[in-house]
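Peer 1: sequence isn't available, so here's the structure alone:
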Ligand SMILES: NC(=O)c1ccc[n+]([C@@H]2O[C@H](COP(=O)([O-])OP(=O)(O)OC[C@H]3O[C@@H](n4cnc5c(N)ncnc54)[C@H](O)[C@@H]3O)[C@@H](O)[C@H]2O)c1
């Protein structure tokens, strides 16, 4: 087993303990993007043309590296393109792939043959998988762990409900009560963030593009506006969309003095950090992962350089909710290893989803009601489940 982590999310003490147990770890807190891709390649390279047979991914970067690597070996012209305007992250990936290709022309094609599949943790990574499948680029089977109910409706929602506040508080110590907090995106993560901020007494405003989610937010009692409507008024901005350019440089130029800006979505392109850094704005590092940007008439604070605030400024979700996510990951890995799958993207069967929940009940002292035979017949389910049809939304 080999481990790697996002650039700010490694807890060095935990990484050291794992390494001491004999597991290879390629991660430390505060890696550069160049280091990060180097670590990713190391995690995928066991030497002698060998690599992993299964991947557990979170955000799809390991999967992306393998796929891009294979694509470059099939068509090396890809490596000659100019990636300087594609963002630092992608630029560094392509630079490393070029270096790899120059050293070994079959590095990725030899390794990809061994890969039986990947299980993907998060919304954004799953989104990438379906895009690759649609473009007929996916090279091995994938299990979408995110859309197990016991993942997205727990980790994304209840996990972020706790770890968002943890990140903001550890970074700034700000009093949330009474503040105006804007949460961009009212999906599973956004819903948890809104509940959390409201729980502290914040006045929460939601931004959304989807009428269903916007209506849900309104029915929960949140105001739904655009980011532009909130400029000069809001104190804290949280992006949770999985989309790019949600908070632009122009937005930051018009924010209230001392506004705090952070992202809890998977990638750092939700906030235009590259443009902010390129603009002539004085940047003062208050402490690691807390930067003040001084515009002419106001200052704002950017947390975790626009990367996941709950991982960069705190320690992510509590382990209980991660246990639910990782139980799904473990079951997905067993599925991939023990059963043949055609290349495609799959979800775990509902029986297993219910089993993940069942395994966590006793810890919380939850007592389930058992169906009687008459009830089983009346609602038409099996006594042991599954209790809901596949289309049920929870
Ligand atoms: N930090 C963490 O611990 C953590 C945990 C789980 C998921 N994630 C990540 O958080 C992100 C969101 O995940 P999710 O499960 O809530 O996804 P989701 O698809 O359920 O929700 C995202 C929402 O954002 C909305 N949206 C998209 N573009 C928008 C825009 N321009 N303005 C306003 N709203 C917009 C969508 O309509 C959707 O409702 C993903 O990147 C996911 O990978 C992070």
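Peer 2: Received the coordinates, thanks. What you are looking at is a predicted structure, and each value in this text was computed from that prediction instead of being measured.
Peer 1: residue numbers of the chain in contact with the ligand?
Peer 2: Within the chain, the residues that sit near the ligand (Cβ under 6 Å from any ligand atom) are 122-124, 152, 155-156, 159-160, 184-190, 207-210, 213, 240-243, 246, 264-266, 308, 310, 317. From N, CA and C alone the C-beta is placed, and that goes for glycine too.
Peer 1: could you pull out the helices in the stretch 151-300 of the chain for me?
Peer 2: 160-172, 188-199, 211-219, 227-230, 249-253, 273-278 (DSSP state H, counting those that start in this stretch).
Peer 1: buried deepest among the ones you listed, which one?
Peer 2: helix 188-199 (a mean of 24; mean count of other Cβ atoms under 10 Å).
Peer 1: burial of the closest residue to residue 172 other than its chain neighbours, as a residue count?
Peer 2: Leaving aside its chain neighbours, residue 172 sits nearest to residue 260 (5.9 Å; criterion: Cβ to Cβ, 6 or more residues apart in numbering). Residues within reach of residue 260, counting by other Cβ atoms under 10 Å, total 24.
Peer 1: residues contacting residue 260?
Peer 2: By Cβ atoms under 8 Å, 6 or more residues apart in numbering, the residues touching residue 260 are 168, 172, 174, 235, 236, 237, 300, 301, 303.
Peer 1: thinking again about what came up before, mean pLDDT for the helices of the stretch 151-300 of the chain - can I get that in CSV?
Peer 2: Below are the helices of the stretch 151-300 of the chain laid out as CSV (pLDDT from 0 to 100):
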stretch, mean pLDDT
helix 160-172, 98
helix 188-199, 98
helix 211-219, 98
helix 227-230, 98
helix 249-253, 98
helix 273-278, 96
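Peer 1: redo these as a markdown table? Include distance to residue 12.
Peer 2: Formatted as a markdown table, the helices of the stretch 151-300 of the chain follow (distance: least, Cβ to Cβ, whole Å):
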| stretch | distance to residue 12 |
| --- | --- |
| helix 160-172 | 16 |
| helix 188-199 | 26 |
| helix 211-219 | 38 |
| helix 227-230 | 36 |
| helix 249-253 | 31 |
| helix 273-278 | 24 |
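Peer 1: and residue 100, which of these is closest to it?
Peer 2: Across the helices of the stretch 151-300 of the chain, residue 100 has its closest neighbour in helix 273-278 (25.1 Å, Cβ to Cβ).
Peer 1: so which residue is dead centre in this structure?
Peer 2: Residue closest to the mean C-alpha point of the chain, counted by Cα atoms, centre = their mean, is residue 266 at 3.5 Å.
Peer 1: grab the nearest non-local neighbour of it.
Peer 2: Closest to residue 266 by Cβ to Cβ, 6+ apart is residue 124, at 3.8 Å.
Peer 1: what's the pLDDT at the one you found?
Peer 2: Residue 124 carries a pLDDT value of 97.
Peer 1: report the contact partners of it.
Peer 2: 59, 60, 242, 265, 266, 267.
Peer 1: what is the burial count for residue 6?
Peer 2: Burial measure for residue 6: 20 neighbouring residues, criterion other Cβ under 10 Å.
Peer 1: ok, which stretches of the stretch 101-250 of the chain are strands?
Peer 2: All strands of the stretch 101-250 of the chain, identified by DSSP state E, counting those that start in this stretch, fall at 117-120, 142-144, 180-184, 203-207, 223-224, 236-239.
Peer 1: gap between the last one and the chain center?
Peer 2: Relative to its chain's centre, strand 236-239 lies at 16 Å (Cα atoms, centre = their mean, to the nearest Å).
Peer 1: separation between residue 122 and residue 289?
Peer 2: Distance from residue 122 to residue 289, counting by Cβ to Cβ, to the nearest Å: 20 Å.
Peer 1: and stretch 368-375, end to end?
Peer 2: With Cα to Cα, to the nearest Å as the measure, stretch 368-375 spans 15 Å from end to end.
Peer 1: could I get the buried residue list for stretch 144-158?
Peer 2: For stretch 144-158, the buried set under the neighbour-count rule, 16 or more other Cβ atoms under 10 Å, comprises 144-158.
Peer 1: how about stretch 232-242?
Peer 2: Buried residues in stretch 232-242, counted by 16+ other Cβ under 10 Å: 234, 235, 236, 237, 238, 239, 240, 241, 242.
Peer 1: grab the nearest non-local neighbour of the last one.
Peer 2: In this case it means residue 242. residue 124 (4.7 Å).
Peer 1: now render the strands of the stretch 101-250 of the chain as CSV, adding distance to residue 296 and mean pLDDT.
Peer 2: Formatted as CSV, the strands of the stretch 101-250 of the chain follow (distance: least, Cβ to Cβ, whole Å; pLDDT from 0 to 100):
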stretch, distance to residue 296, mean pLDDT
strand 117-120, 44, 98
strand 142-144, 47, 98
strand 180-184, 23, 99
strand 203-207, 26, 99
strand 223-224, 29, 98
strand 236-239, 20, 99
